[in-house]
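**Student:** please find the sequence and the predicted model below.
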Amino acid sequence: MIAPSVRITTHAHFSAAHRLHNEAKDAEWNRRVFDKCNNPHGHGHTYALDVTVEGPVDPLTGWVMDFGVVKRVVHERVVKACDRKNLNVDVPFLSGVNPTAENIAIRIWDVLAPAVGPGRLVRIELHETERNKVVYTGPS
Ligand code: NI
């Protein structure tokens with residue numbers, strides 16, 4: 001019998017500053033497109049992150065994997081790297097990218113995907129505010 005597959009999700013938070021800016025465009029373009037998000041000295045968000053991993057339920061443990069392991073990986077690779085940081089300059093995995101929620105979610109995927117075994121990363125949900133979130137389900 002094939003073990004049923006289940007998705008498990010862990011939740012985390014980090015507070016960080018960012019400024020939306022496309023280096024390839026001039027100041028006028030950036031102000032027009034990004035408006036207040038282009039303020040020269042940035043602004044902050046408390047980001048909420050949901051990381052979902054899928055896998056078969058191990059008949060010995062009854063779990064897909066230890067929640068503690070997923071939590072630790074998210075903390076070590078994402079929260080520690082981003083919390084109380086300026087996402088435009090302080091976070092190596094965001095280097096060279098305009099730190100929109102979309103781009104942050106894509107880069108978070110890249111740093112977490114190799115580290116959540118035996119589960120398989122299936123979804124990154126990043127809330128920039130209580131009203132706005134992005135969802136990334138991996139390269140297609
Ligand atoms: Ni913002």
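**Tutor:** It's in.
**Student:** what are the boundaries of the helices in this protein?
**Tutor:** In the chain, the segments counted as helices under DSSP state H are 27-34, 67-74, 80-82, 101-112.
**Student:** can you list contacts of the shortest one?
**Tutor:** The list of residues contacting helix 80-82 from outside it, by CB atoms under 8 Å, 6 or more residues apart in numbering, reads 14, 16, 47, 91, 92, 93. Glycine gets a C-beta too; all of them are placed from N, C-alpha and C.
**Student:** out of the helices of the chain, the one nearest residue 56 is which?
**Tutor:** Nearest of the helices of the chain to residue 56, taken as CB to CB: helix 67-74 at 15.5 Å.
**Student:** tell me what that closest one is packed against?
**Tutor:** strand 5-18, strand 43-56 (3 or more CB pairs under 8 Å, 6 or more residues apart in numbering; DSSP states H and E).
**Student:** figure out how far that helix is from the centre of its chain.
**Tutor:** 14 Å (CA atoms, centre = their mean, to the nearest Å).
**Student:** so residue 59 is in contact with residue 2, correct?
**Tutor:** No - taking CB atoms under 8 Å as the definition, residue 59 is not a contact partner of residue 2, at 11.1 Å.
**Student:** residue 79: which of the helices and strands packed on helix 67-74 is closest?
**Tutor:** It's strand 5-18; of these, that one is closest to residue 79 (CB to CB) at 5.0 Å.
**Student:** pLDDT on that closest one, on average?
**Tutor:** For strand 5-18, the mean per-residue pLDDT is 98.
**Student:** and stretch 131-140, by the same measure?
**Tutor:** The model assigns stretch 131-140 a mean pLDDT of 95.
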